[in-house]
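Colleague: Show me the folded form of this:
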Amino acid sequence: MSKKYSSAGYIAIFVIVQVVWLAVMGLWIARYAVSHVIYKEIGQRYAIRINSGADVAMLVVGLVLIAAGIAGISILFRRLNQQFHQTRLYDNFIASVTHELKTPLAAIRLYLDTIGRYADISAEQRHEFLEQMQRETGRLEHTIGAILEVGRIESGYARYQCTILEAGPTIKSILMELAGQFTLSPEHISISGALQAQIVFNPNALRGVFENLFENSRKYSRNALRLEVTLAETQDEILINFRDYGVGVPRKQLKKIFKKFHRIADPQNPSVKGTGLGLFLVRGILHYHGGRIQAELPKEGGGLIMRITLPVYTPKRQRFFDKLLEGRR
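Modeller: Next up, the predicted model:
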């Protein structure tokens, strides 16, 4: 951890302040107890009655104020710790984005220098270099697009031109197209179930959701990527189970993986790169279209299951679907 963002000193200060508060409270209670005993002895010795009700009220009020002060400091400390955590995540994000941008740029520059420097390059090699540059350009475009899209989602300015889609053919077509893009053979991807319902979604955004899931599964699979997708529907919802057989996720981080900048560190595969925006973007896109996503650990076999729920296009939510079809103006 960087010394700049080390919270050890703040933890020590917090503990000292809390000990001081508790010491003050203990001394106050002890002082009250001693005074109460003395007043009681004086009253018995001289047969007088001493009213200590005001002291009791002051003690109670004081204890309440001290407790409120302790609670306030605890809340401030928690917020400060969260801010440090966000700052660390942001720094990691900047480093990751810098790498994601510099790597394809360096590759494109290398190919251009090679083409410009060597005149005897064959047409086949030149074509191969151009294809590589197109792939690297696409990688750049994808990274920059994800960053811009996250900004629009967070600010509430995300707008998608939605249309009514046949869920079954559309989703299966996207899955098969991505299987080809990720060079998955038929035995490494299984698609089961059928869908008859319609959904209201932006086709490019829907493809982006599954592309991010494919990419995430590929990064965290030590062996060849293997996917199982199950489709089902109810009267009101479409259910999609997207399972991989990768390294999985620690149970305590199942909900955190959808947070911005959050990335799972795989000690056995430290070279995994990324910006930590993929699943955050997936959740944002689904939420915009009225859907949900949650992560679960399989009971056996390892890997991770992403459960996606999409609303069926029905008259029950016509007003919501009309807003989607109008671009949520």
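
Colleague: and residue 256, how many neighbours?
Modeller: Neighbourhood size, residue 256 [other Cβ atoms under 10 Å]: 14. Placement of C-beta: from N, CA and C, glycine included.

Colleague: again, but for residue 178
Modeller: When neighbours are counted by other Cβ under 10 Å, residue 178 registers 18.

Colleague: now the closest residue to it other than its chain neighbours: how far from residue 164?
Modeller: In space, not counting the residues next to it along the chain, residue 178 is nearest to residue 214; the distance is 5.1 Å by Cβ to Cβ, 6 or more residues apart in numbering. As for residue 214, its distance to residue 164 is 25 Å (criterion: Cβ to Cβ, to the nearest Å).

Colleague: Give me the residue ranges of the stretch 1-150 of the chain where confidence is low.
Modeller: When residues are selected by pLDDT under 70, those of the stretch 1-150 of the chain lie in 1-10, 36, 39-40, 42-59, 62, 85-86, 88-100.

Colleague: need the helices for it, in chain order.
Modeller: Taking DSSP state H, counting those that start in this stretch as the test, the helices found in the stretch 1-150 of the chain are 8-46, 53-117, 123-155.

Colleague: Columns distance to residue 188 and mean neighbour count on top of these, output as TSV?
Modeller: Listed next are these as TSV, based on distance: least, Cβ to Cβ, whole Å; neighbours: other Cβ atoms under 10 Å:
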stretch	distance to residue 188	mean neighbour count
helix 8-46	47	12
helix 53-117	26	13
helix 123-155	21	14
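
Colleague: ok so, going back, quickly note the distance from the residue nearest to residue 178 to residue 141.
Modeller: Using Cβ to Cβ, we find residue 214 at a distance of 17 Å from residue 141.

Colleague: Next: residue 247.
Modeller: Taken as Cβ to Cβ, the spacing of residue 247 relative to residue 141 amounts to 28 Å.

Colleague: likewise residue 181?
Modeller: Residue 181 sits 15 Å away from residue 141, going by Cβ to Cβ.

Colleague: ok, now residue 301?
Modeller: When Cβ to Cβ is applied, the distance between residue 301 and residue 141 equals 36 Å.

Colleague: what sits against the residue nearest the centre of the chain?
Modeller: By Cα atoms, centre = their mean, the mean C-alpha position of the chain lies nearest to residue 259, the distance being 1.7 Å. With contact set as Cβ atoms under 8 Å, 6 or more residues apart in numbering, residue 259 has these partners: residue 280.

Colleague: what pLDDT does it get?
Modeller: Per-residue pLDDT puts residue 259 at 81.

Colleague: Ok, the one 5 residues further on next?
Modeller: At residue 264, the predicted lDDT confidence score is 68.

Colleague: For the stretch 151-300 of the chain, just list every one of the helices.
Modeller: Counting by DSSP H, counting those that start in this stretch, residue ranges of the helices within the stretch 151-300 of the chain are 167-181, 203-219, 278-288.

Colleague: what would these look like in CSV with distance to residue 77?
Modeller: CSV is the format used below for the helices of the stretch 151-300 of the chain (distance: least, Cβ to Cβ, whole Å):
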stretch, distance to residue 77
helix 167-181, 45
helix 203-219, 34
helix 278-288, 26
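
Colleague: State the distance from residue 14 to residue 230.
Modeller: With distances taken as Cβ to Cβ, residue 14 is found 48 Å from residue 230.

Colleague: hmm, I was thinking of residue 294
Modeller: Computed with Cβ to Cβ, the distance linking residue 294 and residue 230 is 15 Å.

Colleague: returning to that earlier point: tell me, how many residues neighbour the residue nearest to residue 178?
Modeller: Here the number of neighbours of residue 214 (other Cβ under 10 Å) works out to 21.

Colleague: What are the structural domain limits within the protein?
Modeller: 3-89, 93-155, 163-325 (automatic domain parsing).

Colleague: Distance from the shortest one to the middle of the chain?
Modeller: Which is domain 93-155. Between the centre of domain 93-155 and the centre of its host chain there is 26 Å, according to Cα atoms, centre = their mean, to the nearest Å.

Colleague: With stretch 299-314 instead?
Modeller: Computed by Cα atoms, centre = their mean, the separation of stretch 299-314 from the middle of its chain amounts to 17 Å.

Colleague: what comes up buried for it?
Modeller: Within stretch 299-314, the residues that qualify as buried are 303-306, 308-313, counting by 16 or more other Cβ atoms under 10 Å.
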